[in-house]
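**Q** The following block contains a protein sequence and its predicted model.
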Amino acid sequence: MNKSEVLNIIEATLKGGSKTPGLFDLPKMMGIKSELQSCNSINDVLGVIENHKNIICKAFGLSDEAIAATVEKLKALES
């Protein structure tokens with residue numbers, strides 16, 4: 001797994017959101033970031049995203065479609 005490519009895809013998606021996380025969202029986001037950094041495979045990353053999809057969408061103002069597009073981009077890295 002190329003961690004820099006995964007990071008670029010995730011960062012691009014988050015920057016495309018309509019919001020930035022608020023003060024009370026930051027601890028949750030830091031926890032999710034830590035989980036993502038400890039992932040060793042694309043499947044692990046996809047699992048973290050799926051487990052925290054609602055909070056990520058809410059904190060960054062993202063649509064479900066944006067998350068789905070990100071998941072597809074990450075799956076494409078796998079092949």
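**A** Nice, I can see it.

**Q** For the lengthiest helix in the chain, buried residues please.
**A** Scanning the chain for the longest helix, with DSSP state H as the assignment, gives helix 64-78. Along helix 64-78, these residues count as buried under the neighbour rule (16 or more other Cβ atoms under 10 Å): 66-67, 70-71, 73-74. For every residue, glycine as well, the C-beta is placed using N, CA and C.

**Q** Could you give the separation between the terminal residues of stretch 35-50?
**A** As for stretch 35-50, its first-to-last residue distance stands at 12 Å under the measure Cα to Cα, to the nearest Å.

**Q** follow-up on the earlier one: for the record, mean pLDDT for the longest helix of the chain?
**A** When pLDDT is averaged along helix 64-78, the result is 94.

**Q** Show me what it is packed up against.
**A** Using 3 or more Cβ pairs under 8 Å, 6 or more residues apart in numbering; DSSP states H and E as the contact definition, the elements that helix 64-78 packs against are helix 3-15, helix 42-51, helix 53-60.

**Q** quick check: angle from that helix to helix 42-51?
**A** When axes from the mean of the first three to the mean of the last three Cα atoms, to 10 degrees is applied, the directions of helix 64-78 and helix 42-51 differ by 170 degrees.

**Q** Just the buried residues of the host helix or strand of M30, please?
**A** Secondary structure here is read from DSSP states H and E; on that basis M30 sits in helix 26-37. Of the residues in helix 26-37, those with enough neighbours to count as buried (16+ other Cβ under 10 Å) are 29, 32, 35-36.

**Q** Just the closest of these to G16, please.
**A** Nearest to G16, judged by Cβ to Cβ, of these is M29 at 15.9 Å.

**Q** Surely the closest one is in contact with T20?
**A** No: counting by Cβ atoms under 8 Å, M29 does not reach T20; the two are 9.9 Å apart.

**Q** could you say which helix or strand contains K19?
**A** Residue-wise, K19 maps onto no helix or strand under DSSP H and E.

**Q** Quick check: pLDDT value at it.
**A** According to the model's per-residue confidence, K19 sits at a pLDDT of 94.
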